[in-house]
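Engineer: task: produce atomic coordinates for the following.
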Amino acid sequence: MSATTTAVAAESLPFEEFRNAPDADLNARIEAVRRELGPSLLILGHHYQQDEVIRFADLRGDSLKLSQLAAASTDCRSIVFCGVHFMAETADILSRDEVAVYLPDMTAGCSMADMADLDSVEAAWADLAEVIDVEDVTPVTYINSTAELKAFCGRHGGIVCTSSNARQVLDWAFARRKRALFFPDQHLGRNTARAMGIPLDQMTVWDPRRELGGNSPKAVEQSRVILWRGHCSVHQMFKPAHVAQFRERDPEVRVLVHPECSMEVVDAADVVGSTEFILKTIEQAPAGSSWAVGTELHLVNRLAAAHPDKKVQFLSPMVCMCSTMYRIDLPHLAWCLENLSRGTPANRVSVPEDVKRWGRESLRRMLELK
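Structural biologist: Sure thing, here's the model as predicted:
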């Protein structure tokens, strides 16, 4: 988790009061706070959230879409983000100064974001400078990263990307410099670069635990894309064998996966795209069509329930849900909202001003892309 975090107020309500409360009681308490605070409260729900939590969301979407929508709100003074820590940070960076952002459970992190921290990236940058001219390297951080890494990109002429605009961002990067350092997800970077025609021998993987990232100086010098050794624990679970099994059972099935999946899974799939793309693809698919979807379990189950006229199935035989996102549950949401209501707010995510300024700069560069 990023150092740009917060504290629980000493006078806050004890969580034990909420831990074992019946769902019906928690639902009523959440609704009561929503009525009391009205439009000054905005609850954001990421697509991967549990159904019992996301039903209270005023807005649903992926992390960047939610932050943008929240920033556009002129009425809200408090944002409760039902997501993970880096999402709340992004909302704080983009929101007005008078808006406070809260995360119901501060342990709701992101394993991918945790795979690249500021110290490791700064050390890699210094090591790269011993071999190549880092003035000719654009740092590109996936939105699934800490505010500190977004600020690092801002300070070094870099940029943020999402799974839907990664190619556009890399085009922007290569129009300015020869190389890109892409972190923290190697799969999104590799899949995007390959789609742009960049060969694998011009990509190298940087392992922060090894000297020079585990590469020879020659490999670094020959690289155009330096991929951080990180991944999404959910999308890493999907395998080419899962695709083959579905095709064997149903020759008509269409396989739809997220670009955080491995290159081998992406190559085996029929369609690849971001979370929003996956939603639109299923929504627009003809009735009777059959889909195997490789992304987070709660989202796939919600799509299946929303589209009973189509056969929507989860690609993996194993349960692949975002375990850290799962930490946001009814007890934590009710606890967070009631503390906010009684004037003892807890779990505020507040990004320091210098980090916020440079993080906003890297996000601005992305948001200005056409």
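
Engineer: what about the strands in the stretch 1-150 of the chain?
Structural biologist: Using DSSP state E, counting those that start in this stretch, the strands of the stretch 1-150 of the chain run over residues 41-46, 59-61, 78-82, 100-102, 137-142.

Engineer: export the ones you listed as a markdown table, with columns for mean neighbour count, mean pLDDT and distance to residue 235.
Structural biologist: Where C-beta positions appear, they are placed from N, C-alpha and C, glycine not excepted. Converted to a markdown table, the strands of the stretch 1-150 of the chain look like this (neighbours: other CB atoms under 10 Å; pLDDT from 0 to 100; distance: least, CB to CB, whole Å):
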| stretch | mean neighbour count | mean pLDDT | distance to residue 235 |
| --- | --- | --- | --- |
| strand 41-46 | 24 | 92 | 15 |
| strand 59-61 | 18 | 86 | 19 |
| strand 78-82 | 27 | 95 | 21 |
| strand 100-102 | 23 | 96 | 26 |
| strand 137-142 | 26 | 97 | 12 |
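
Engineer: nearest to residue 191 among these would be which one?
Structural biologist: strand 137-142 (12.1 Å; CB to CB).

Engineer: distance-wise, check residue 361 relative to residue 146.
Structural biologist: 15 Å (CB to CB, to the nearest Å).

Engineer: so the two - more neighbours on which side?
Structural biologist: Comparing residue 361 with residue 146 by other CB atoms under 10 Å, the one with more neighbours is residue 146, at 30 against 19.

Engineer: how about the contacts made by the closest residue to residue 60 other than its chain neighbours?
Structural biologist: Nearest residue to residue 60 in three dimensions, chain neighbours excluded: residue 45, at 5.0 Å (CB to CB, 6 or more residues apart in numbering). Each residue near residue 45 by CB atoms under 8 Å, 6 or more residues apart in numbering is listed here: 53-54, 56-57, 59-60, 66, 82-83.

Engineer: and those, which is closest to residue 176?
Structural biologist: Using CB to CB, these come closest to residue 176 at residue 66, 29.0 Å.

Engineer: quick one: the helices in the stretch 201-350 of the chain?
Structural biologist: In the stretch 201-350 of the chain, the helices defined using DSSP state H, counting those that start in this stretch lie at 217-222, 240-249, 263-268, 275-284, 297-306, 330-341.

Engineer: just say which of these is most tucked in.
Structural biologist: helix 330-341 (a mean of 24; mean count of other CB atoms under 10 Å).

Engineer: other SSEs contacting it?
Structural biologist: helix 16-19, helix 23-37, strand 41-46, helix 51-54, strand 78-82 (3 or more CB pairs under 8 Å, 6 or more residues apart in numbering; DSSP states H and E).

Engineer: pLDDT weak spots in this structure?
Structural biologist: Low-confidence segments of the chain (pLDDT under 70): 1-10, 63, 318-326, 370.

Engineer: pick out the residue nearest the middle of it.
Structural biologist: residue 144 (3.9 Å; CA atoms, centre = their mean).
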